[in-house]
Structure formats: structure tokens, C-alpha cells
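Novice: attaching a predicted model along with its sequence, questions to come.
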Amino acid sequence: MTFRARTTVIILAGAVLLTGWNVWTHAQAVAQPTPPVVLSGSDIGFRVEGKKRERRTDTNTGRTYFVDVAVGQPVVRIGGQWIETVEGHGLPRPATN
């Protein structure tokens with residue numbers, strides 16, 4: 001293998017490694033912690049626990065851009081305390097046929 005061919009292979013391998021590293025690190029979306037804040041109405045709210053950046057694509061132009069998205073938990077106020085909600089269907093209801 002000539003010096004020029006060997007140099008080309010090394011440069012291409014480095015470019016592939018750097019591209020792979022860049023893709024892998026951008027794929028790791030981690031929520032950034034912030035002090036808990038409750039955005040609320042009178043008895044229902046959303047406790048913001050952080051934010052993360054998400055990539056969006058404009059449907060008209062096809063361009064990609066990043067937006068900050070709130071990460072958190074729905075909460076309800078019971079007895080003056082904010083209580084986290086649990087996603088579910090609640091109690092089973094008897095059939096009324």
C-alpha cells in the first residue's frame with residue numbers, strides 16, 4: 001500500500017469515527033435539572049423538574065431546529081399539598097348493561 005493510499009484510509013477512518021461520535025453524543029438527550037416549579041390552576045398543575053432539547057423538523061421547509069421541552073409531572077392539590085399523579089385507569093366500574 002502506498003503512502004498516499006495509507007494516508008487516505010487513515011483520514012477516512014478518522015472522519016467516520018468523528019461522525020459516529022458526534023451522532024452518538026447528540027442522541028443522548030438528558031433532562032437538565034431545575035428547581036421544581038408548579039405551573040398551576042387552582043387545584044391542578046404541572047411540576048416542571050427540568051428541560052431537554054428536542055430536534056424538530058419544519059413540515060413546510062424540511063429544516064431541522066431545536067426546541068426546549070419542559071420535563072415534569074402532573075400534580076393535584078389536596079389539602080394544600082401538591083401530590084403527584086399516577087397514570088392509570090382508576091377503579092374498575094361495574095357494567096351497567
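Specialist: Cool, the structure landed. Residues are numbered from 1 along each chain as shown.

Novice: could I get the full set of strands for the protein?
Specialist: Listed in chain order, the strands of the chain (DSSP state E) span residues 32-40, 44-57, 64-78, 81-84.

Novice: where among those strands is the average confidence lowest?
Specialist: Mean pLDDT is lowest for strand 32-40 among those, at a mean of 70.

Novice: show me how the protein divides into domains.
Specialist: The chain breaks down into these domains under automatic domain parsing: 1-28, 31-87.

Novice: got those domains as a markdown table, with mean neighbour count columns?
Specialist: Glycine gets a C-beta too; all of them are placed from N, C-alpha and C. Supplementary listing: the domains of the chain in a markdown table, determined by neighbours: other CB atoms under 10 Å:
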| stretch | mean neighbour count |
| --- | --- |
| domain 1-28 | 9 |
| domain 31-87 | 11 |
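
Novice: now those domains as TSV including distance to Thr96?
Specialist: Compiled in TSV, these are given as follows (distance: least, CB to CB, whole Å):
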stretch	distance to Thr96
domain 1-28	49
domain 31-87	25
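
Novice: report the central residue of this protein.
Specialist: Closest to where the C-alpha atoms of the chain average out (CA atoms, centre = their mean) is Lys52, at 5.0 Å.

Novice: and that one, bridged to which residues?
Specialist: Beta-bridge pairing of Lys52, defined through DSSP bridges, involves Val69.

Novice: gap between Gln73 and Gly45?
Specialist: Separation of Gln73 from Gly45 (CB to CB, to the nearest Å): 10 Å.

Novice: how about Ile83?
Specialist: Distance, Ile83 to Gly45, using CB to CB: 10 Å.

Novice: which neighbours do the two have in common?
Specialist: By the contact definition CB atoms under 8 Å, 6 or more residues apart in numbering, Ile83 and Gly45 are jointly contacted by 75-77.

Novice: quick one on the thing from earlier: tell me, what's touching Gln73 and Gly45 both at once?
Specialist: Between them, Gln73 and Gly45 share no neighbouring residue, with contact defined by CB under 8 Å, 6+ apart.
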